[in-house]
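**Q** Can you look at this prediction? I've put the sequence above it.
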Amino acid sequence: MMRKEIFIRYERCMGCHSCELACAVSHTAARDLFGAVLGGERPQKRLYVDQVGRVKAPAVCRQCEDAPCVAVCMTGAMHSREDGVNVVDLPQCIGCWMCAMACPFGAVGRGEGKAIKCDRECLDEEGVPACVRACPTGALVFKTVEEFEAERRLEAIASLK
Ligand code: SF4
Ligand code: SF4
């Protein structure tokens, strides 16, 4: 099966931060906000919505095929899983932030002294990531590269009308 990626439709983001909240909550044991708070958990997001001037956009890990964050990790903590998803093995992480310096998208965060990033362990029963599911405007989409580009081509043609 072709691997799906999270693509950003920058023009659609309104900066509501719903994706960040959904990401954080999906990584708690309770997998819901109230359950997490009641259980004393501190939900941590793995993507970041920022604003520059009037432009608002989420920064989400691209799960690079030849990932710079993996290449620079000295301990092997940042590694590529069998499914191609790049993840951190926390016990091996020494918090040197080489991965954060190497990532061109600012997709590595800090979680209790260790690197924290998207691990795609937030998929719902239909296989859709929590951030994508939560976005009310469709600014985040989960498709194969082929599907996304086909959509782009049709839009380009439609814009000629
Ligand atoms: S954290 Fe950055 S460098 Fe690493 S896989 Fe994600 S986007 Fe690529
Ligand atoms: S949920 Fe969608 S619209 Fe809201 S900040 Fe995230 S990407 Fe932007």
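**A** Good, I have the coordinates. Ligands and ions are numbered 1, 2, ... in the order given.
**Q** what lines up beside the one helix or strand Ile6 maps to in the sheet?
**A** Ile6 belongs to strand 5-8 when assigned by DSSP states H and E. Here strand 5-8 is paired, per DSSP bridges, with strand 140-143 (antiparallel).
**Q** List the buried residues of the longest helix anywhere in the chain.
**A** Secondary structure of the chain per DSSP state H: the longest helix is helix 145-158. Across helix 145-158, burial judged by 16 or more other CB atoms under 10 Å covers Phe148. Every C-beta, even on glycine, is put in place using the N, C-alpha and C of the backbone.
**Q** Out of the helices and strands in the protein, which is least certain?
**A** helix 33-38 (a mean of 90; mean pLDDT, DSSP states H and E).
**Q** which parts of whichever helix or strand comes after it are buried?
**A** Sequence order places strand 48-52 as the next helix or strand after helix 33-38, per DSSP H and E. Within strand 48-52, the residues that count as buried by 16+ other CB under 10 Å are 48-49.
**Q** Contacts made by the following helix or strand past strand 48-52 with the rest, please.
**A** Later in the chain than strand 48-52, the nearest helix or strand by DSSP H and E is strand 55-59. Strand 55-59 is contacted from outside by 8, 10, 13-15, 19-20, 47-51, 105-107, 131, 139-140, using CB atoms under 8 Å, 6 or more residues apart in numbering.
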